[in-house]
Every structure is written in structure tokens, then in C-alpha cells.
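Asks: Next input, structure requested:
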Amino acid sequence: MIFGACVGGRHSGVVTGLERTRPEEPAPASLEAAAQRYWTAKVAEDWDSVFDLEYEPEARASLVRDEFKNWSKEKEPFQIHSFKIERVASDGEMGWVELDYVTSIRRFPGLPPRDTKMVQKWRLTDDQWYPVPKNQLESYPEPPSYRDLAAEPRLWERFEGSWRARRAGDWSAMYEFTDPRDHGDVTLEMFAEAEGLFEYLDHKVHWVEVIGNLGQVRVAYRHKVTDKSMEKLAARDATIVERWVLYNDQWYRDLKWK
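Replies: Below is the predicted model of the structure:
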């Protein structure tokens, strides 16, 4: 069983030059308090507390506390010497903690500790805040301070236009929402064949993110396969992150992004 800290995201530093024209939601005091407890336990190497503060109840039920404690004592590669929370932000059940911490590598005790800046993503589960598991970080957007909040409603509106075309099965109309620079490699016929594998019934947007000229939309689609041999299969939900690009002052879905 492999354990490790749940930290990080796609970016290593704050994106500068973005003017905020939409106010952030005030972060609840409970988020900062949870982060304080978590990082205090990390500094003290109180692995019992770290176990309870890092893993949600469902995850804890599938893990063995003693295995986590033993792994942390023997194999945790970093020692946290101190930390300082610089800022917290939230958006509904999503939270972000920006902090500085001083760390060293246990394998190289001769190296001096170094100061590190990071953003830790958190989420609210059963009225308690927990760090987002490392393997789920990409399912959460970057903090508001990284993003162009004023541009996000326009991307959301553009996405909804593509959804209406998708819901209607109008692949020609939907193709117009894709990056024209991709059309040389992905023809309308190819696009329609791929999209036509499913009939789309409903959708729910979880979040929209804009950083510079790149956008992401995390959305859950409810769909059914169109293959007649599988028509008895029930509709199912699939959650994906779509990437969009701003080109000639218009948002287009990026077909080449994986």
C-alpha cells in the first residue's frame, strides 16, 4: 500500500496580471482551521492525527491505520519543519489553501531545508474539510487567484451552446464549436462518427476555469449508446474535463487535447 501527501496542482506559482472583476466567496473559517490542524500534525509527525485529517471516512475504512503510520515513519520522504498559511479561498464544496512551508529530504540530511510555496486543494465532505486525494487533483480547478474569473461566464455560455447542439445530435452545428485549426486533422465526418456513438440526454457542469487563453469545463454527461445491439443498456453518467482555447476572440473546444 502506498501512502503520500496530497498536494499540488497543475501550476507551480500564481499567475499574475489577472484582474479580478468578480468577488471571491469568503472562505469559511472551518477551512483554515482544518488546514492548520493538518499541517500542525505534519510538523509534529503526529501520524495518527494526519491519518484522520488527510483521509475521508470512506477512504479510512479501506486503509489500515498502523500501515499508514509505519509507512510514514519509515518512508515519508519529506520532513516538514514549519508552515505559514498565506491565503484560503472557497467555492461551494471546493477549497484552496495557499501556503509556504519549510521542508527537507530525509535521505539527504546534509542539505539545508528549503522554503516551498504551494496551493493545496481541499473539498468539503460531510461538513468536514479534507485535502483532495492526489489521484483526483485534476478533477478540481485552480484557485480563484490563478484564474480570469471575469472570462469564465463567457466560456460557460459558449459551452452551453455546444451542449444544445450535442443534445440535438446536430454534429455539424457542434463541429462549429471546435477549434478550426484542428479541422485539417479531424474532419466533420470523423467528428460526427465519434460523437454519434452516444445519444446525450442531460448534463451538469461542475466548474469552469479560465487561465489566460486556455479554458476547462468539467461536466457530467448522461448518455446512451446508439448501437441498436445495445439499446437495452441503461443510460449512464460520464464525467470528463473538456479543454477549450480562445482563438480570434472566440472560445473553441480543443479536439487535440488528451
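Asks: so how far is residue 148 from the spatially closest residue to residue 213 that is not a sequence neighbour?
Replies: Leaving aside its sequence neighbours, residue 213 sits nearest to residue 246 (Cβ to Cβ, 6 or more residues apart in numbering; 4.0 Å). The C-beta positions use only the backbone N, C-alpha and C, and glycine is treated the same way. Distance, residue 246 to residue 148, using Cβ to Cβ, to the nearest Å: 10 Å.
Asks: from the chain's centre, how far out does stretch 192-211 sit?
Replies: 17 Å (Cα atoms, centre = their mean, to the nearest Å).
Asks: try stretch 61-78
Replies: For stretch 61-78, the distance to the chain centre is 25 Å (Cα atoms, centre = their mean).
Asks: now stretch 50-57
Replies: On the basis of Cα atoms, centre = their mean, stretch 50-57 sits 19 Å off its chain's mean C-alpha point.
Asks: one step back: of residue 246 and residue 148, give the one with the bigger neighbour count.
Replies: residue 148 (24 against 18; other Cβ atoms under 10 Å).
Asks: okay but the more buried one is in contact with residue 211, surely?
Replies: Yes. Between residue 148 and residue 211 a contact is recorded at 6.7 Å, counting by Cβ atoms under 8 Å.
Asks: contacting residues around the residue nearest to residue 213?
Replies: For residue 246, the contact set (Cβ atoms under 8 Å, 6 or more residues apart in numbering) comprises 213-215, 252.
Asks: What of residue 183?
Replies: Under the criterion of Cβ under 8 Å, 6+ apart, the neighbours of residue 183 are residue 175.
Asks: and the gap between it and residue 53?
Replies: 49 Å.
Asks: can you map out the strands along the protein?
Replies: Taking DSSP state E as the criterion, the chain contains strands spanning 78-91, 94-105, 114-125, 128-131, 198-211, 214-225, 236-247, 250-253.
Asks: of those, which approaches residue 141 most closely?
Replies: Set against residue 141 and scored by Cβ to Cβ, the strands of the chain come closest in strand 198-211, at 4.0 Å.
Asks: the inter-axis angle of the closest one versus strand 78-91?
Replies: Direction vectors for strand 198-211 and strand 78-91, defined by axes from the mean of the first three to the mean of the last three Cα atoms, to 10 degrees, enclose an angle of 110 degrees.
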